[in-house]
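>>> Need coordinates for the following:
(chains A, B, C and D)
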Number of protein chains: 2
Amino acid sequence: MKRITIKDLAKHLLLSTSTISRALGNDTNIHPDTKKKVLDAAKKLGYRPNPTALNLKYGQSKNIGFVVPEMITPFASKVLRGVQNILYPLGYRIIITESDENPLIERKNLLLLEEFNVDGIIINLCHETQNQDLYEQIMDRGTPLVFFDRIPAKSLAASKVMVNDNIKTSLMIEHLIDMGRTRIAHIMGPSTIRNSTERAMGYQRILTKHGIFDPDLVIKTEGTTFEDGRNAARQLLDKKLAFDGIFAFTDTLAIGAMNYLHEQHIKIPEKVAIASFSGTELATIVHPQLTSVEQPLLQMGEIAAGLILEKIKDSTAPSKTIVMDAEIIYRASTGE
Amino acid sequence: MKRITIKDLAKHLLLSTSTISRALGNDTNIHPDTKKKVLDAAKKLGYRPNPTALNLKYGQSKNIGFVVPEMITPFASKVLRGVQNILYPLGYRIIITESDENPLIERKNLLLLEEFNVDGIIINLCHETQNQDLYEQIMDRGTPLVFFDRIPAKSLAASKVMVNDNIKTSLMIEHLIDMGRTRIAHIMGPSTIRNSTERAMGYQRILTKHGIFDPDLVIKTEGTTFEDGRNAARQLLDKKLAFDGIFAFTDTLAIGAMNYLHEQHIKIPEKVAIASFSGTELATIVHPQLTSVEQPLLQMGEIAAGLILEKIKDSTAPSKTIVMDAEIIYRASTGE
DNA sequence: AACCCATCTGGGAACGTTACCAAAATTTTG
DNA sequence: CAAAATTTTGGTAACGTTCCCAGATGGGTT
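Have a look, this model is predicted:
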């Protein structure tokens, strides 16, 4: 049951550990016959290298931390897939932590990951400013950070991947206007998240341009859960203001709102068109399907992984900010 | 930038590494003054123990593998949370792999995890029999396995956590009958998954008992995606058979079917009641909300983690099979 | 004053692997 | 055929930590 090591092979073949090591690796300084003998024995005895020993030797844990607000919706899962695509083939492990949208838990998680000796951390933060000090500390202590989707308020010496929230929102609002909507509400996310304010700005800019901006139609939420979306819809209806469209910060908020409208027998899209920011399956499993800005989540993950690798390889590598393109997908929730 | 080690502390304080080690641990053989001095210096210089060194020393990687068909729906995410709750405080890392419902990828993932030297693997398999040989091999080589939700055909010397599919399905079908439904269809999952056949058996048993079983109302799917559910609903409608209820193998299938019915303007639950097996948010974000058997996913994860710990601590510990209770939650999709 | 015991500290091996340097074995060269 | 060059192998330190054993120091007892 005990694991076979190089030493066991050495004893078994009456060779030195150095020779075994050479045979197992790509060293040319070894007689082909010896190499073959070693390889055969290794296979027969079921030798598997011990990664822990290598990690110790080379001072890398080959662990990458992945810090996200939650993994219940598919958002982070899809990014994670991209990260895995790149990192697993290179022998990295990925450790996932969820912050529950709570900066204190995020803090605890980051510290835990440092404890775990990760080589780098890929993070979607849950509060624009709250843990800024810790991000800096961690980087100062030598662990690179890469941000995706939500980025910190201060620029920090870290690489980042995101989409252009402001512009994509603008295009989406233009679409709603094209569809004949003139009273477009916004379910805005928490202002502690940069994307939230960015999208709100895009929203306001376009409506103002068309002279139809009404601040009373903006509902700010506490979080980004389905329940938050529901509450926002309720608040909106309670205001007794006319509206014929909703642009929501996330697909979760949009879906929550949609369900509340359903329950109030408000037809979508006939009475109210709904659109949001997404990139996940959620947009297509509701009825009607949700028009949304589809972020290329998988690619974002792949790029984030690439960025962290750059920093791991060379800690002085310059930080990059990658702004990805997102596609607007028109679905039934905003009419045909 | 370089990490502070025990040796650095020793040099700095002119003490031996042994003494430092004792001061840092709970060893009583140390002078309180020395201990304090070391602790102060450790804090000041930012010493953090290197877990890799300990893993090497004690022959444990402190990594646990988590193998699931997918992480896009919240099912596995919720179980994962439970696993994390138990394992993170104990210093374990969790490595996640997704099989995409493909036994070949699952195989690759398991091998990868072995390569990574995990101390144990928690798995929700994707094919009842296909990788049985590998499960056995891995356990033979000394890595314990714990199955959750979907368990292998042969019993194997592994612990398992699941719910009683057959009985819970029976109760659900009884509920549908209580609600006055007499033509209840079943969207059955792939027969390569044990739970699928178990639930189908529960379905058939109750309908047979009531004398209303019709094999033509059973649609077997290829997978468990939303799309599969959609296709199943289409097939059902194409048969031109009357039906007033659907019991689906999973919430994803149920939702896919629901959306297709919506598109065909078939009212839920008025014309067709829908129920499924779940335990995730998905059941509540659709409209109408889905009546379902709610599996205690979080607890299943916690228990799976506990079971793997037992096996890690003592490889001869007896294997347990834990059958958990699941609650049926009545929601709008089956009427009030 | 000699001894013993308790308390505290230091030295070194070990976990599995590789990299460097030195030594041995083999082949090539003059 | 000896010397030189090359190929192949062995020995050992190192990564960071703990643990066992051996010393050292100090206080108390005869």
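
>>> ok, now which ones touch the nearest residue to A:M71 once chain neighbours are set aside?
Using C-beta to C-beta, 6 or more residues apart in numbering or on different chains and skipping the chain neighbours, the partner closest in space to A:M71 is B:S77 (4.4 Å). Heads up, the C-betas are built off the backbone N, CA and C, glycines and all. Residues in contact with B:S77 (C-beta atoms under 8 Å, 6 or more residues apart in numbering or on different chains) are A:71-72, A:77, B:71.

>>> By neighbour count, which of the residues you listed wins?
Ranked by neighbour count (other C-beta atoms under 10 Å in any protein chain shown), the contacts of B:S77 have A:S77 at the top, with 26 neighbours.

>>> So for it, what's the pLDDT?
For A:S77, the model assigns a pLDDT of 94.

>>> Confirm that it sits in a strand.
No. Using DSSP: H, G, I helix; E, B strand; the rest coil, the secondary structure at A:S77 is helix, not a strand.

>>> how much space is there between A:A10 and DNA strand C?
Computed with C-beta to the nearest atom of the strand, to the nearest Å, the distance linking A:A10 and DNA strand C is 9 Å.

>>> nope, A:I95 is what I was after
A:I95 sits 22 Å away from DNA strand C when distances are taken as C-beta to the nearest atom of the strand.

>>> distance of that residue from chain B?
5 Å (C-beta to the nearest C-beta, to the nearest Å).

>>> For the helix or strand hosting that residue, give the mean pLDDT please.
Per DSSP states H and E, A:I95 falls inside strand A:93-98. The pLDDT scores in strand A:93-98 average 88.

>>> so what does that strand touch, helix or strand wise?
Contacts defined by 3 or more C-beta pairs under 8 Å, 6 or more residues apart in numbering or on different chains; DSSP states H and E place strand A:93-98 against strand A:63-68, helix A:74-87, helix A:103-115, helix B:74-87, strand B:93-98.

>>> same thing but 7 Å
Contacts defined by 3 or more C-beta pairs under 7 Å, 6 or more residues apart in numbering or on different chains; DSSP states H and E place strand A:93-98 against strand A:63-68, helix A:74-87, helix A:103-115, strand B:93-98.

>>> any idea which of those is most buried?
Mean neighbour count, computed with mean count of other C-beta atoms under 10 Å in any protein chain shown, is highest for strand A:63-68 among those, reaching a mean of 26.

>>> for it, packing partners?
helix A:74-87, strand A:93-98, helix A:103-115, strand A:120-123.

>>> now the strands: where do they sit in the stretch 201-336 of chain A?
Ranges of strands within the stretch 201-336 of chain A are A:218-220, A:245-248, A:273-278, A:291-294, A:321-324, A:327-329, based on DSSP state E, counting those that start in this stretch.

>>> What parts of the stretch 51-200 of chain A come near DNA strand C?
The stretch 51-200 of chain A comes close to DNA strand C at residues A:52-54, A:56-57, as judged by C-beta under 7 Å from any atom of the strand.

>>> who wins for neighbours among these?
Among these, the one with the most neighbours (other C-beta under 10 Å) is A:T52, at 25 neighbours.

>>> Now do A:D251 against DNA strand D, distance only.
Plainly put, A:D251 is 45 Å away from DNA strand D if you go by C-beta to the nearest atom of the strand.
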